[in-house]
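K.L.:
A structural model of the following input is requested.
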Amino acid sequence: MNAWEPITAAANEPQGEPDGALGAEPAFLLARPDADTPPTPLVFASPHSGRTYPPEMMAAAALDHDAIRRSEDAFVDTLLTTAPALGVSVLTARLARAYVDLNREPWELDPTMFEDELPEFARGRTARVAAGLGAIARVAAEGREIYARKLTFAEARVRIETGHRPYHAALTSLIDEAKAAHGFCILIDWHSMPAAAARQPVTARHGKGCDMVLGDRFGAACAPALTLIVERELEALGYACARNAPYAGGYTTEHYGRPRTKVHALQIEINRGLYLDEATLEPTEGLARLTADVEALTRKLVAADWGKLR
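P.N.:
Numbering: from 1, shown residues only. Model (predicted):
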């Protein structure tokens, strides 16, 4: 059995940075293959499945815990629990997406959220910030404002330094390990999307709702062979797939996906309706089937001949 290995914020905190609010609690969880399981070039990540809402966040919030939780990629980490036994390292967020979004630029901040003036490097001017979904989100699901007051830059800095920075330091280390051992790395970034998004016409490639969206930054983040084999195997399992619409891949896919440097990144968005009651945020019977199918896909990826990626 593979144990989840916690890495604390304190252990990853750079010298001279502010003390985090997490204390000795882990900022994320890392599961590695057992010593007798040969490691593969595959790395799985789930940046939005964290369930921890620190008390200082909730003290500033206008919404209750259940309302904010609707931003989570709930239970996506559960889908990946068998991967380490197959030789895949798995990195999952512990902190909630609403506390700090690990799939954003670290200083992609909305100046309107803060009572003090942000440094120039932290003044986000992206479409995500405009939508209220920067590294620290202004809104939760359905566009509801999260906070009852303005935050301070000091609060944002703690979240970035104790959450975002150690998570990406760990992810970078896993990628480097895979490249050193195999000559290349395949990074799969796992997410979930609301069922309503999966029913959008742009997503419904087959004329019906979509089950999975594969985001490879329109071919820039990975070799075509990776997207093709994932699409082929998922469709063989009965899932309708779309590419890059409405999700082409976020910060993780764009930042790490560099085929020329032998890092191939692909984002997979899963229709929550397959496994989750979106009203209660409780898993349905579909979770067991989907978990088994993710394991089947993982087995195919582990067994595939990736010689051309080296």
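K.L.:
can you count the residues close to Thr284?
P.N.:
16 (other C-beta atoms under 10 Å). (Glycine included, C-beta is placed from N, CA and C.)
K.L.:
where does the spatially most central residue of the chain land on pLDDT?
P.N.:
The C-alpha lying nearest the average C-alpha coordinate of the chain belongs to Pro47 (C-alpha atoms, centre = their mean; 2.7 Å). On pLDDT, Pro47 comes in at 98.
K.L.:
Next: the one 4 residues further on.
P.N.:
Taken from the predicted model, the pLDDT recorded for Arg51 is 95.
K.L.:
now do Tyr147
P.N.:
pLDDT, Tyr147: 98.
K.L.:
which residue ranges form the strands in the stretch 151-300 of the chain?
P.N.:
185-193, 212-215, 241-243, 263-271, 276-277, 282-283 (DSSP state E, counting those that start in this stretch).
K.L.:
Can you lay out those strands as CSV showing distance to Gly250 and mean neighbour count?
P.N.:
Shown next, in CSV, are these (distance: least, C-beta to C-beta, whole Å; neighbours: other C-beta atoms under 10 Å):
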stretch, distance to Gly250, mean neighbour count
strand 185-193, 8, 25
strand 212-215, 8, 25
strand 241-243, 15, 20
strand 263-271, 7, 25
strand 276-277, 20, 19
strand 282-283, 24, 14
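K.L.:
Mean pLDDT added to these, as TSV?
P.N.:
Listed next are those as TSV, based on pLDDT from 0 to 100:
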stretch	mean pLDDT
strand 185-193	98
strand 212-215	98
strand 241-243	96
strand 263-271	98
strand 276-277	97
strand 282-283	97
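K.L.:
so can I have TSV of those strands showing distance to Thr82?
P.N.:
As requested, the strands of the stretch 151-300 of the chain are arranged in TSV below (distance: least, C-beta to C-beta, whole Å):
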stretch	distance to Thr82
strand 185-193	13
strand 212-215	18
strand 241-243	21
strand 263-271	16
strand 276-277	19
strand 282-283	16
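K.L.:
nearest to Ser71, of those strands?
P.N.:
Taking C-beta to C-beta as the criterion, strand 185-193 is the member of the strands of the stretch 151-300 of the chain that comes nearest to Ser71, at 10.9 Å.
K.L.:
Cheers, nothing more for now.
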